[in-house]
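In: build me a structure from this.
(one chain, ligands or ions: 1)
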Amino acid sequence: MNEQGLSRRLQRVGAAVPEGARLADIGSDHAYLPVALMLQNKISYGVAGEVVKGPFESAKKQVQKSGLTDKITVRLADGMAAVHPEDEITAITIAGMGGTLIRNILENGVAQQQVTGKERLILQPNVGEAGLRNWLMSNNYEIIHEEIIEEHQKIYEIIVAEKTEKPVLYTEQELFFGPFLLKEKNETFRNKWQRELLQKERVLQQLQQADQLPQDKVQEITRQIQWIREAIG
Ligand code: SAM
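Out: Here you go, the predicted model:
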């Protein structure tokens, strides 16, 4: 297992992990990410957390096969329960899940004091990015970096955040598009929002044909369509 073995998506998630970090990878599946980062000597310790038995067993096998059992601990646990205080985790990666699930994992982690605010969060939601950014803002996490990448015709966003003392305030558009991504507006960003625009226009048309016009939904989608046109127009 080396960096070349990682998908580009996971390579980019790994790139945001600080050198020497003590990493918790939640929803680790095969533990590919912590194993690759450990083999690169990028992290000093890893926890691979998995809630499902099959992927948990795969993670254990991968860690054993790589000779890293003394450096990466694999735990069968729901979300942040995989992390124990003595792990002294400094970075958390949660990738390849919906934004709502990631948010719930973080929310429970904060309630259980498994997320202390000292960790850098590196999040890669498959959907529901805006809701996740909203959670970060409400919990005083500042977004310090974002990426948008395309792999196998799928577009992924990576959000990196750290807790701060100062107030965190993003506009609705920044939450929707991502503050960094909106500033940069690269080609992948344009592709994503071009696709979303077409989809939202179709949804709006369908809504307008409904017998009873769902006013709130129509208003929301119309507003989003306007934002997208402004952003990529
Ligand atoms: N993180 C890897 C990646 O990005 O390639 C694997 C992504 S995989 C699609 C999502 C994994 O998260 C699955 O293995 C699933 O069992 C695990 N998962 C889902 N909910 C979880 C939770 N609450 N706690 C821990 N793992 C969870």
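
In: which bits of the protein sit near the ligand?
Out: Within the chain, the positions near the ligand by Cβ under 6 Å from any ligand atom are 10, 26-29, 49-52, 55, 78-79, 95-97, 101, 105. All C-beta atoms are positioned from the backbone trio N, CA, C, and that covers glycine.

In: again, only using 8 Å
Out: By Cβ under 8 Å from any ligand atom, the residues of the chain that approach the ligand are 7, 9-10, 13, 25-30, 32-33, 49-52, 54-55, 77-79, 81-82, 93-97, 101, 104-105, 124, 126.

In: those in helices, which ones?
Out: Using DSSP state H to define helices, the subset of the residues of the chain next to the ligand located there is 9-10, 13, 32-33, 54-55, 101, 104-105.

In: closest one of those residues to the ligand?
Out: Nearest to the ligand out of these is residue 55 (Cβ to the nearest ligand atom; 3.9 Å).

In: quick one: pLDDT of residue 233?
Out: If you check residue 233, the pLDDT there is 87.

In: my bad, should have said residue 5
Out: Value listed for residue 5 in the pLDDT field: 82.

In: state the distance from it to residue 22.
Out: Residue 5 sits 23 Å away from residue 22, going by Cβ to Cβ, to the nearest Å.

In: with residue 118 instead?
Out: Residue 118 is 10 Å from residue 22, where distance means Cβ to Cβ.

In: please enumerate the shared neighbours of those two.
Out: Taking Cβ atoms under 8 Å, 6 or more residues apart in numbering as the criterion, residue 118 and residue 22 both touch residue 90.

In: quick one: which of those two has more around it?
Out: The neighbour count for residue 118 versus residue 22, taken as other Cβ atoms under 10 Å, is higher for residue 22 (17 against 11).

In: pull the CA atoms of stretch 185-203 into CSV?
Out: What follows is stretch 185-203, C-alpha atoms only, in CSV (Å, rounded to 0.1, in the frame of the first residue of the first chain):
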residue,chain,number,x,y,z
LYS,A,185,-14.5,29.2,-9.0
ASN,A,186,-12.3,26.7,-10.8
GLU,A,187,-13.4,24.6,-13.7
THR,A,188,-14.6,21.7,-11.6
PHE,A,189,-16.7,24.1,-9.5
ARG,A,190,-18.2,25.5,-12.7
ASN,A,191,-18.9,21.9,-14.0
LYS,A,192,-20.6,20.9,-10.7
TRP,A,193,-22.8,24.0,-10.6
GLN,A,194,-23.7,23.8,-14.3
ARG,A,195,-25.0,20.3,-13.6
GLU,A,196,-26.8,21.4,-10.5
LEU,A,197,-28.4,24.3,-12.3
LEU,A,198,-29.9,22.0,-15.0
GLN,A,199,-31.2,19.7,-12.3
LYS,A,200,-32.7,22.5,-10.2
GLU,A,201,-34.3,24.0,-13.3
ARG,A,202,-35.9,20.7,-14.1
VAL,A,203,-37.2,20.3,-10.5
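
In: in it, what counts as buried?
Out: By neighbour count on 16 or more other Cβ atoms under 10 Å, the buried set for stretch 185-203 is 188-189, 192-193, 197, 200.
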